[in-house]
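# Sequence and predicted structure are below.
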Amino acid sequence: MAKRGGFPGGAMPGNMANLMKQAQKMQRQMEEQQKELEAKEFTATAGGGAVEVTVSGKREVTKVKLAEEVVDPDDIEMLEDLIVAATNEALRQIDEATGSAMSKLTGGMGGGIPGMF
């Protein structure tokens, strides 16, 4: 019997090169998308707008705005809870935007690829 030549799994060198080019292109697109997200700001409110928190795409709090009526020295805990709630909502918006952007790049297949979002 003649021994067959070739590559393991039947992969052709041209197909592998094409696959590598596609992977590199996707990586560049992901890096560009990440830079765009980092440049954005995400704002969320709590307490009917009494507390507003803005977070950068780099996940840094950049602004906290408080309505005068929410500042009650006798109820600091409520104010703290509202700040936490608004901050967590802004961070959730970043996660949602990141997931949406990555899904567009990967065509929804990123969940099945190790290391992908």
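Yep, that arrived.
# How about the most centrally placed residue in the chain: what's its closest non-neighbour residue?
Central residue of the chain (C-alpha atoms, centre = their mean): residue 98, 2.4 Å from the mean position. Excluding the flanking residues, the one nearest residue 98 by C-beta to C-beta, 6 or more residues apart in numbering is residue 37, at 6.0 Å. Heads up, the C-betas are built off the backbone N, CA and C, glycines and all.
# helices or strands up against whichever strand or helix holds that neighbour?
Residue 37 is part of helix 13-39, with elements assigned from DSSP states H and E. Packing partners of helix 13-39 (3 or more C-beta pairs under 8 Å, 6 or more residues apart in numbering; DSSP states H and E): helix 76-106.
# Run a quick neighbour tally on residue 16.
11 (other C-beta atoms under 10 Å).
# Roughly how far does it sit from residue 43?
Plainly put, residue 16 is 46 Å away from residue 43 if you go by C-beta to C-beta, to the nearest Å.
# With residue 55 instead?
With C-beta to C-beta as the criterion, residue 55 and residue 43 are 8 Å apart.
# So, low pLDDT: which residues of the chain?
Applying pLDDT under 70 to the chain flags the ranges 1-13, 108-117.
# again, 50 this time
112, 116-117 (pLDDT under 50).
# Bridged to residue 43, which residues?
Using DSSP bridges, the bridge partners assigned to residue 43 are residue 54.
# ok, it touching residue 54?
Yes. With contact defined as C-beta atoms under 8 Å, residue 43 counts as touching residue 54 (4.5 Å).
# who touches both of the two?
Common neighbours of residue 43 and residue 54, using C-beta atoms under 8 Å, 6 or more residues apart in numbering, are 63, 90.
# hang on, the earlier thing: find the residues that touch each one of residue 55 and residue 43.
Overlap of the contact sets of residue 55 and residue 43 (by C-beta under 8 Å, 6+ apart) consists of residue 90.
# So for the two, which residue has more residues nearby?
Shown here are residue 55 and residue 43; by other C-beta under 10 Å, residue 55 has more neighbours (23 against 15).
# From what I see, that one and residue 42 are in contact.
Yes. Judged on C-beta under 8 Å, residue 55 makes contact with residue 42 at a distance of 5.2 Å.
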